[in-house]
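>>> sequence and computational prediction follow.
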Amino acid sequence: MNVILPRYAGAIAESVVGDHVEVNVASDATVTDAVVAPLAINAAATRADGLGCHAGAAELKTAANAAGKSEILDRYAADYPKGPHDQPQSMCPAFGSLRVGLRMRRTATILSGSACCVYGLTFTSHFYGARRTVGYVPFNSETLVTGKLFEDIRKAVFKLADPALYDTIIITNLCVPTASGVPLDLLPDEINGVRIIGIDVPGFGVPTHAEAKDVLAAAMLEYARKEVEQGPVQAPRGGRSERPTVALVGEMFPADPVGIGMMLEPLGLAAGPVVPTREWRELYAALDCSVVAAIHPFYTASFRQFDLAGRKIIGSAPVGHDGTEAWLESIGTACNVARDKIDAAKNRFLPMIRAALAAKPIDARITVSGYEGSELLVARLLIESGARVPYVGTACPRTQWSDVDRQWLEGRGARVQYRASLEMDLAAVGEFKPDLAIGTTPVVQKAKQLAIPSLYFTNLISARPLFGVAGAGSLAQVVNAALANQSRFDEMKAFFGDVGEGHAAGVWENTPRENPAFREKYRKQIEAQAKKRKAEEMI
């Protein structure tokens, strides 16, 4: 399908490109398109010292604004408001968008950024099971400042654009190219029928990797929506659903969409595609839904595209007994389902969920924190299983689509902290002294140092079904197994005591001794340096 779309405008506008080939951007690459004059990138914005990986977020943002990226950064600031920390405290946000692209069929992915960043991102993506080649367009100071980098990206895109291999090419600007104003929006919308999606995912503009998934998902939804507006598009691989569908927004355990589909069946509905999708044609099917389920509530830009397509968005998810009851009611009402069908669905599934929760109880005080966006849903399930959850921290922002979950949790004594920093999560462990801490790697590490059993949220909690009957008892086994390890922690703590803690941490040939004089000397030096920096700021 050779459809040439109008140039994007607005925030997601700077996004057009995505699969499985190494890119060689040698100078002899053949370009079949018309010759384009070299683009002038704002050189002044790139001359200041420190415009590299080591530059601070403020410097990079200032440079990006000077280089013409203010519109996209303003949109990110509105869609993804920041919290107490001004930049990510977890992995590079571009991992999120990279993961989305690498999971799609017939989609090529190209990164433009510092080599160290690209190495780290590709390593992480392959560590998480992606067996796809990631294209890379390298640069140096000269090609960055003169605009040659954009020309190299353009050559790479034309070389990759083979409709026999790809539906889409996704190009991602990381921090330095974004700060330097590399204009991916000037790439063609399509080449030889292959869609071109270019996005900026700077660490100083996108707070978490979860929200970077939204950046790419929204860019693709916008492109697909405009294709639909222009005429017929491809049907889903399995054909169009005979029943009205519910699009599911947010990555989830593979069994969950199946379970949700079973709960929708008595309503006369079907589960639609999961966004982010695994194939381009699924985007059309997602836009063709009757209603959108905001399973993960932080996909703000994607929800905007569904809203433009005239689709209603429903928050929360069918988690636990109460969550499932409210969700079935909301979905049924939004789709004008008859009252008797809604009641029939509830009567069929709610008793099974209640029985599953009762069969696998959890009796413990648990703190929950993470950066996946499903932390509130996990906390709800734990509480319905019998756990006491005094604190729920999520690195994602508060949105209207998580209000139902927040209100439910707060009504049961939980403190919900959006945009939670690592320091807040650690403070919660210290304050509430939980029987089990569920959180990110540093939270788990700190809890174990305190002899508190702990579980890594991403690998041990997210990798389980959460919804409906299957989700009702899914957490009890891993949680109760971790709680049973408390005696082992107590034995180790009693045996080792304070060995290896504080000043004695590390490997020593001799018994470590404190050195108060040394510590005092460097304390004074640090204070003097701080006063000097303060004085320089005043000047």
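Everything's here; your move. Numbers count the residues shown, from 1 in each chain.
>>> T178: neighbour count?
By other CB atoms under 10 Å, 30 other residues sit near T178. Yep, even glycine has a C-beta here, placed from its N, CA and C like the rest.
>>> would you tell me what the next helix or strand after the strand or helix carrying it is?
Assigning secondary structure by DSSP states H and E places T178 in helix 175-179. Counting by DSSP H and E, the next helix or strand C-terminal to helix 175-179 is strand 190-191.
>>> can you list the strands that that following strand pairs with?
Strand 190-191 has its sheet partners listed here by DSSP bridges as strand 194-200 (antiparallel).
>>> contacts for the partner strand, please.
14-18, 69, 72, 97, 157, 160-163, 166-173, 177-178, 184-185, 187-190, 215-216, 219-220, 223, 280 (CB atoms under 8 Å, 6 or more residues apart in numbering).
>>> go on, stretch 488-507?
Outside of stretch 488-507, the residues within contact range by CB under 8 Å, 6+ apart are K448, Q449, A451, I452, P453, P512, E514.
>>> rerun at 7 Å
Identification of contacts with stretch 488-507 by CB atoms under 7 Å, 6 or more residues apart in numbering yields A451, P453, P512, E514.
>>> dihedrals phi and psi, the first one?
Torsion angles at A451 (phi, psi; degrees, to the nearest 10) stand at phi 60, psi 40.
>>> now do it against T441, distance only.
18 Å (CB to CB, to the nearest Å).
>>> next one: the third one
Applying CB to CB, one obtains 26 Å for the distance of P512 from T441.
>>> follow-up on the earlier one: among the contacts of stretch 488-507, name the buried ones.
P453 (16 or more other CB atoms under 10 Å).
>>> of all the contacts of stretch 488-507, which two lie farthest apart?
P453 and E514 (31.1 Å; CB to CB).
>>> the nearest residue to G393 once chain neighbours are set aside: what's it in contact with?
Closest residue in space to G393, ignoring its immediate chain neighbours: A420 at 3.2 Å, by CB to CB, 6 or more residues apart in numbering. Under the criterion of CB under 7 Å, 6+ apart, the neighbours of A420 are S369, G393, T394, A395.
>>> which parts of the stretch 251-400 of the chain are strands?
With strands called from DSSP state E, counting those that start in this stretch, the stretch 251-400 of the chain shows them at 270-275, 291-294, 312-315, 365-370, 388-394.
>>> swap in the stretch 1-150 of the chain?
107-112, 135-136.
>>> centre of the chain to the shortest one, how far?
Put plainly, it is strand 135-136. Strand 135-136 has its C-alpha centroid displaced from the chain centroid by 21 Å (CA atoms, centre = their mean, to the nearest Å).
>>> residue ranges with poor pLDDT in the stretch 151-300 of the chain?
Of all residues in the stretch 151-300 of the chain, none has pLDDT under 70.
>>> what's the helix holding T178 packed up against?
Using 3 or more CB pairs under 7 Å, 6 or more residues apart in numbering; DSSP states H and E as the contact test, the elements touching helix 175-179 are helix 57-66.
>>> give me the buried positions along the helix it packs on.
Result for helix 57-66 [16+ other CB under 10 Å]: buried residues A57, E59, L60, K61, T62, A63, A64, N65, A66.
>>> before we move on, what about stretch 415-422?
Buried, per 16+ other CB under 10 Å, within stretch 415-422: R415, V416, Q417, Y418, R419, A420, L422.
>>> verify the assumption that the second one is located in a helix.
No: for V416, which was evaluated using DSSP: H, G, I helix; E, B strand; the rest coil, the result is strand, with no helix membership.
>>> that one pairs with what?
In beta-bridge terms (that is, DSSP bridges), V416 pairs with V392.
>>> isn't it up against W408?
No: look at V416 against W408 with CB atoms under 7 Å: they stay out of range, at 9.9 Å.
>>> and I169, what element?
strand 168-173.
>>> so what touches that strand?
In this structure, residues lying in contact with strand 168-173 by CB under 7 Å, 6+ apart are 17-18, 94, 97-98, 101, 107-112, 153, 157, 160-161, 182, 184, 194-201, 216, 280.
>>> helices of the stretch 401-539 of the chain, start to end?
403-410, 422-432, 441-449, 468-472, 474-483, 486-496, 516-538 (DSSP state H, counting those that start in this stretch).
>>> could you pull out the helices in the stretch 201-350 of the chain for me?
Remark: helices assigned in the stretch 201-350 of the chain by DSSP H, counting those that start in this stretch are 209-230, 255-264, 281-287, 300-308, 320-334, 339-359.
>>> the ones you listed: which one's closest to M538?
helix 209-230 (35.9 Å).
>>> what's the angle from the closest one to strand 365-370?
Helix 209-230 and strand 365-370 are oriented at 50 degrees to each other (axes from the mean of the first three to the mean of the last three CA atoms, to 10 degrees).
>>> now do the buried residues in helix 209-230.
Applying 16+ other CB under 10 Å to helix 209-230 flags 209-227 as buried.
>>> off-centre distance for that helix?
15 Å.
>>> so what does that helix touch, helix or strand wise?
Helix 209-230 sits against helix 94-102, strand 194-200, helix 281-287, helix 300-308, with contacts defined as 3+ CB pairs under 7 Å, 6+ apart.
>>> reformat these as CSV; add mean neighbour count.
Listed next are the helices and strands packed on helix 209-230 as CSV, based on neighbours: other CB atoms under 10 Å:
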stretch, mean neighbour count
helix 94-102, 27
strand 194-200, 27
helix 281-287, 24
helix 300-308, 22
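>>> export those to TSV and tack on distance to C116?
Formatted as TSV, the helices and strands packed on helix 209-230 follow (distance: least, CB to CB, whole Å):
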stretch	distance to C116
helix 94-102	13
strand 194-200	19
helix 281-287	33
helix 300-308	28
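>>> so which of these is nearest E251?
So among the helices and strands packed on helix 209-230, helix 94-102 is nearest, using CB to CB, at 8.4 Å.
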